[in-house]
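1. build me a model from this:
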Amino acid sequence: MEQLIKLRGIISKGKTIKLSLMLCLMFALSLCMHSSPLCGDSPEKIGILLLHQGTSDTYEPDWVPQYFNFLFDVFDPGFFAGGPLEGNTCYSLIHYADEAEATICNVEPGTPIDIFCNQYTGPYPIHSMIDHYSDNDGNGIPDFEDDCFAPGIPVPWAPLTFGHSTVDPLSGETIYGPHVDDPAGPGIGIADFLEMEEFSLMERYPRLPEGKLPYREQVLKWWFGNDAPGYPPDDPELLNLKDRLQELLPEYNFVFRYGWDTYAKNVDAYGNSKYWAYSIETAIDELINGEKADKIIVSYADTFYNNLKYLGHEWYDADGQGVSAIPGKTYKACVEDINDGVGPATAEDLNTFLLNKPWEKHWEHPLPLVKYLAEKIKPTIDLSYTRGFGDFEEYELAVLDMLIYTITKYNIPEDSSLKVIVAHHGYHSAYMGAAACDCYFRMADDLTSRITKRIKDDFTWPGKFEVVVAPFKFSEGSTFDPPTQDEPFGKVLSVGEIIDASINGAYVNALGETVDNGINNFETIIVLHGYYFTDDFDSGLYLSREEALGNNIYSQGSYVRDRLDADATKYDSDDIDDEAFTVKVCDGTGWGSIPGCIQDETNCTSNPTVYKGSAEHPTKIIMCGTFLGNASGIGREKLTEAAAKAITEAIQESDCPVTVALGGDARANDLNLLRNFRDEVLSKTRAGQDIIKLFYEWSPAIVKVIKEDEEFKEQVKEVIDELLMFIEAGTE
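-> Next comes the predicted model:
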């Protein structure tokens with residue numbers, strides 16, 4: 001703070017203003033001796049490549065392999081067995097179509113179908129994976145692994161067996177892990193786990209409003225307004241990113257494209273060539289070969305990026321610093337360093353990880369893939385990436401707006417007790433602990449801590465009030481975060497566990513014990529989706545409800561979260577309103593659970609059923625909808641502003657004469673010093689603001705000349721060094 005005061009004092013004397021103006025004038029005068037693009041050439045054409053997940057409106061089986069291939073690192077070896085990453089053989093999963101599958105595939109219930117909705121007519125019988133469970137060689141592993149999977153890859157037999165089932169329409173028998181042993185079946189060449197996920201998608205879609213996922217339409221209309229391809233226009237047109245960018249930066253000639261990372265490359269589910277109009281590969285080709293864009297700005301529409309989903313194992317930020325759980329290190333460097341306390345802890349663990357997860361198999365994450373595809377077409381393409389829009393305070397303010405809107409929407413009395421849970425997706429350390437090196441944990445902590453601070457600083461509540469942070473996934477149950485007598489919630493409190501501990505009345509915990517919270521807890525609990533607050537997709541609509549609201553019930557030797565609604569039915573369109581809000585009341589009548597089954601499985605059924613909550617003092621739980629699904633536009637303006645700022649920053653950074661002139665000599669500390677000088681000094685005065693405006697107006701032309709004239713580049717370096725010395729002197 002004292003340094004900033006000194007610098008502002010320098011400005012008041014006019015010294016810094018003069019030097020900054022001299023820098024701009026030197027650039028301008030030098031440009032007069034060159035053929036400047038601002039003196040006649042057409043404005044620079046900038047391609048804006050907008051990316052997101054891309055789950056389709058209706059069921060499409062082709063997306064799953066590409067999407068899950070990005071997550072190869074997360075899963076234990078064997079989950080991708082049967083596909084191109086592991087094995088490339090094994091079984092074809094076949095179901096007798098149930099009601100949901102019959103609706104999706106437009107067939108009669110009971111029809112044998114594959115994941116492509118094709119009727120299976122082969123000669124092989126549909127039978128259970130249990131039939132293949134044998135251990136004739138005595139190694140403790142089912143022998144069928146030796147028959148179908150690549151050597152050394154253990155198969156997740158239990159998930160493939162019990163993760164899906166079908167009912168034989170003739171016998172009424174439930175078949176667990178239904179498949180055929182057909183060597184020419186449709187599942188040969190597709191990982192069995194991904195086939196199972198496809199059948200799971202078939203089950204989810206009919207439960208959505210009108211059987212459609214609103215996600216794509218919401219995202220595309222946020223990006224393009226009434227220019228969103230494939231959807232009817234709105235009257236009035238919705239606030240959108242395309243119009244806002246053109247309003248903020250009229251001096252640029254923008255061309256926009258979008259790509260879904262679920263269709264990243266133009267290949268089908270088997271990896272064979274197939275054109276997708278909305279793939280990342282198609283979008284890049286159109287921007288470079290079709291539009292002849294001078295540069296491409298890549299923006300993945302998310303609050304922050306992480307290694308395993310977006311960035312890959314060798315990603316560097318704009319300052320050239322590696323990105324991982326450890327600042328300055330790449331994910332690869334973090335994993336390979338067994339002494340940094342994160343990731344594999346021994347040489348044996350590291351070698352095992354690299355044997356099953358070699359780096360060459362998991363580089364194709366969306367953002368590195370963009371670079372590869374773009375440079376394959378044009379090696380010299382100017383490519384820049386935005387930061388996640390969660391880095392900007394407008395996003396924090398948007399979440400705060402949603403909290404205030406929720407309180408108003410449901411008329412929550414100010415004298416009542418209120419708890420707010422800022423939720424994020426959640427993660428776990430995955431295979432050999434390698435995923436602990438993902439920057440996700442650091443980024444999620446930073447984002448949610450800023451949101452909670454914003455709520456605490458800018459929001460007041462007269463009654464009892466608390467705000468906490470929690471993940472939805474991988475933070476409860478026996479596998480990822482096992483409970484103990486000393487820690488009945490495990491080491492990490494999930495959203496569901498915080499709800500358990502915060503309601504009035506009783507519930508059953510993960511140890512199968514009845515817990516009575518009494519009546520002095522919270523009357524209302526609001527769950528804000530701090531991480532995926534932009535769009536409504538299946539995880540936001542139903543999976544988060546399934547993972548957080550129910551009681552703990554006994555299943556296969558342990559207590560797990562009841563994924564059904566309070567009335568023991570699956571969540572569906574009746575459980576959300578038109579803005580994707582869900583309201584449930586824990587009043588001691590729903591989510592029944594029988595305690596004590598771990599201690600006495602045989603006789604526990606005689607124990608009285610515990611229903612979640614209190615009849616006399618019920619707790620209302622509100623799970624919020626999202627910005628883009630909000631009919632009132634809550635948060636949309638601030639969300640758009642945050643995303644526009646991220647793109648604007650990337651454009652200005654890519655057009656910055658400083659970074660271009662210094663090139664590989666650009667030092668992170670120097671760049672940060674200049675950015676802070678811009679943001680904390682120049683921007684505080686009218687004269688300084690004019691210099692910033694002048695600088696960015698001329699930057700594209702300056703950069704063009706720097707790239708073409710080595711002598712001019714050296715002159716710019718000298719001026720930058722003088723400016724840095726002057727700023728540093730002012731801070732001493």
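2. mind checking how far Thr174 is from Ala97?
-> Plainly put, Thr174 is 15 Å away from Ala97 if you go by C-beta to C-beta, to the nearest Å. C-beta coordinates here come from the backbone N, C-alpha and C atoms, glycine included.
3. those two: which is more packed in?
-> Ranked by neighbour count (other C-beta atoms under 10 Å), Thr174 and Ala97 place Ala97 first, with 23 against 11.
4. list the contacts of the more buried one.
-> 105, 107-113 (C-beta atoms under 8 Å, 6 or more residues apart in numbering).
5. if we go to 7 Å?
-> Contact analysis of Ala97 by C-beta atoms under 7 Å, 6 or more residues apart in numbering lists 105, 107, 109-111, 113.
6. need these in a markdown table (columns: neighbour count).
-> What follows is the contacts of Ala97, written out as a markdown table (neighbours: other C-beta atoms under 10 Å):
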| residue | neighbour count |
| --- | --- |
| Cys105 | 20 |
| Val107 | 16 |
| Pro109 | 14 |
| Gly110 | 16 |
| Thr111 | 17 |
| Ile113 | 23 |
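7. for these, give me JSON lines that also has pLDDT.
-> Below are these laid out as JSON lines (pLDDT from 0 to 100):
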{"residue": "Cys105", "pLDDT": "96"}
{"residue": "Val107", "pLDDT": "97"}
{"residue": "Pro109", "pLDDT": "97"}
{"residue": "Gly110", "pLDDT": "97"}
{"residue": "Thr111", "pLDDT": "98"}
{"residue": "Ile113", "pLDDT": "98"}
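8. keep only those of these that are in helices.
-> Cys105 (DSSP state H).
9. out of the contacts of Ala97, which is nearest to Glu237?
-> Nearest to Glu237 among those is Cys105, at 36.7 Å by C-beta to C-beta.
10. for that closest one, list the residues it contacts.
-> 97, 113, 117.
11. please apply the same query to Val508.
-> Applying C-beta under 7 Å, 6+ apart to Val508 gives the contacts 514, 551-552, 559, 593, 595, 610.
12. report how many residues lie close to the closest residue to it other than its chain neighbours.
-> The shortest distance from Val508 to any non-neighbouring residue, by C-beta to C-beta, 6 or more residues apart in numbering, is to Ser593 (4.1 Å). Residues near Ser593, counting by other C-beta under 10 Å, number 23.
13. what's opposite Ser593 in the beta bridge?
-> Per DSSP bridges, the residues bridged to Ser593 are Val610.
14. thought it was touching Asn607?
-> No: checked against C-beta atoms under 7 Å, the pair Ser593 and Asn607 is beyond contact range at 9.8 Å.
15. for this structure, what are the low-confidence residue spans?
-> For the chain, the stretches with pLDDT under 70 are 1-43, 135-137, 139-157, 478, 531-540, 655-672, 696-701, 707, 730-732.
16. okay, domains of it per the record?
-> 2-34+665-731, 63-209, 398-623 (automatic domain parsing).
17. what about Phe199, which helix or strand?
-> Using DSSP states H and E, Phe199 maps to helix 192-204.
18. how far is that helix from where the chain is centred?
-> On the basis of C-alpha atoms, centre = their mean, to the nearest Å, helix 192-204 sits 20 Å off its chain's mean C-alpha point.
19. tell me which other helices or strands it touches.
-> Judged by 3 or more C-beta pairs under 7 Å, 6 or more residues apart in numbering; DSSP states H and E, helix 192-204 is in contact with helix 63-69, strand 81-83, strand 92-93, helix 99-105, helix 157-162.
20. after the third one, next one along is what?
-> Right, strand 92-93. Per DSSP H and E, strand 92-93 leads on to strand 95-96 as the next helix or strand towards the C-terminus.
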